[in-house]
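Visitor: sharing a model that was predicted from the sequence below.
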Amino acid sequence: MLLVLLFHLSLLVLVRGQQITQQKYFACSQRESVNTTLLDVAVTSLIQCGAKCLEHSECKSGHICQGEDGTKLCSLGSDWPFGDCDVLQVNEKCSSYKIVNPCENGGTLNPDGYSCTCTSLWYDTFCQRYRYDCIESENSQTTVMAIQPKNYHTALLVICQQQQNSLVGYFTGQLAPGDLNKTYEQYKVGFLVGGSSWMGLETMHALTRQGEYRLTIKLNLFTGLQVVYDDFNVSSEAEGYSFNYSTFREDLSNYTDGFAAIPSIGSGSLVGLPFSTFDKDPYGCAARYGAGWWYDANCGPVLAYDPAFKRARWPDTSTTVKNARTFMFSFKLMRYY
């Protein structure tokens, strides 16, 4: 048990750095407010004294003194009674320190002394950060949540849906002409259409740069038709928010790989091509179809929206293309960082 407590205290000091503010105090045989002492415990070191304090739910400070025979006594205090060092005489026989609340952003310290209970926005042992993605959400319902992907400079709002460890940005339902005819900036930051949403290219980039994600595109919400890509990632804005992937999962897909080149229907690969919108449209495809998407010079076989059918379009075989209900996009976590 002692080794466990020492380990926890050492880890706390190493990880949080400033959680225990230690200062040298002297002449503790003359210390004030002795009546605040909760417990006196024989110890062998300052770390052990600190561990005893962290173990006690009411302890706010620890005071360790060495007797003439070399034994050390740790007094656990319920407050921090001392002022500055210069108010005490110097004889270098004692040390005192206080335990500060390690919880950030409004969190409260748990009775174990090693973790915090956080408000809904914050996460991790000391409530020091936003969630990296929706996999860290405890909410089993669809909800709007602030996340901040690892090593990313700002927090992002996303729609989270806790289903098989998935983070979802999606369109569902019937779309009207013009619903997807948004500006480049809107596709970059994300937008809502009725009860549906576009996750945002910057969010996709921030997420997929921190680990391996699986992209599942639902082609029909009712029949389960889908295509699946492993290690799907979106590049930065400077690179046009182009995408790449490692493997098309034919074993998990009902249709063919619409992102790859399909010579039989005159389609080139969409990998590495910039995202297009009507106001940033190198091939004129976004204006032609009224939707932002990754287009090649032939406007692709894959369409997020075909105004002629008011549906999405995807190649179901190497020689035929079918219109499906508007896609549902979901990012499923493959490997956790």
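Guide: Arrived safely, thanks for sending.
Visitor: what bridges to T247?
Guide: Judged by DSSP bridges, the bridge partners of T247 are D230.
Visitor: what number of residues lie near it?
Guide: Neighbours of T247 under the rule other CB atoms under 10 Å: 12. Using the backbone N, CA and C atoms, a C-beta is placed for each residue, glycine as well.
Visitor: got it, and E250?
Guide: Count around E250 with other CB under 10 Å applied: 12.
Visitor: before we move on, what about G292?
Guide: Burial of G292 is recorded as 27 neighbouring residues (other CB under 10 Å).
Visitor: tell me if I'm right that it and D279 touch.
Guide: No: when contacts are counted by CB atoms under 8 Å, G292 is not listed as touching D279 (9.6 Å).
Visitor: contacting residues around the closest residue to T317 other than its chain neighbours?
Guide: In space, T317 comes closest to T256 once its chain neighbours are excluded; the distance is 5.9 Å by CB to CB, 6 or more residues apart in numbering. Going by CB atoms under 8 Å, 6 or more residues apart in numbering, T256 touches V227, I262, P315, D316, T317, S318.
Visitor: again with V168
Guide: If you count contacts by CB under 8 Å, 6+ apart, then V168 has C134, T142, I159, C160, Q161, M328, F329, S330, F331 around it.
Visitor: just say helix, strand or coil for G300.
Guide: coil (DSSP: H, G, I helix; E, B strand; the rest coil).
Visitor: just the pLDDT for it.
Guide: Per-residue confidence (pLDDT) for G300: 84.
Visitor: what sits against it?
Guide: By CB under 8 Å, 6+ apart, the residues touching G300 are S267, L270, C285, W293.
Visitor: show the pLDDT at the first one.
Guide: Same thing as S267. pLDDT, S267: 88.
Visitor: specify the beta-bridge partners of it.
Guide: When bridges are called by DSSP bridges, S267 pairs up with I262.
Visitor: flag whichever of the contacts of G300 scores worst on pLDDT.
Guide: Least confident entry in these, by pLDDT: S267, with 88.
Visitor: which residues sit in contact with the residue most central in space within the chain?
Guide: Taking CA atoms, centre = their mean as the criterion, Y132 is the residue nearest the geometric centre of the chain, at 0.6 Å. The neighbours of Y132, taking CB under 8 Å, 6+ apart as the test, are I147, Q148, P149, K150, Q210, Y337.
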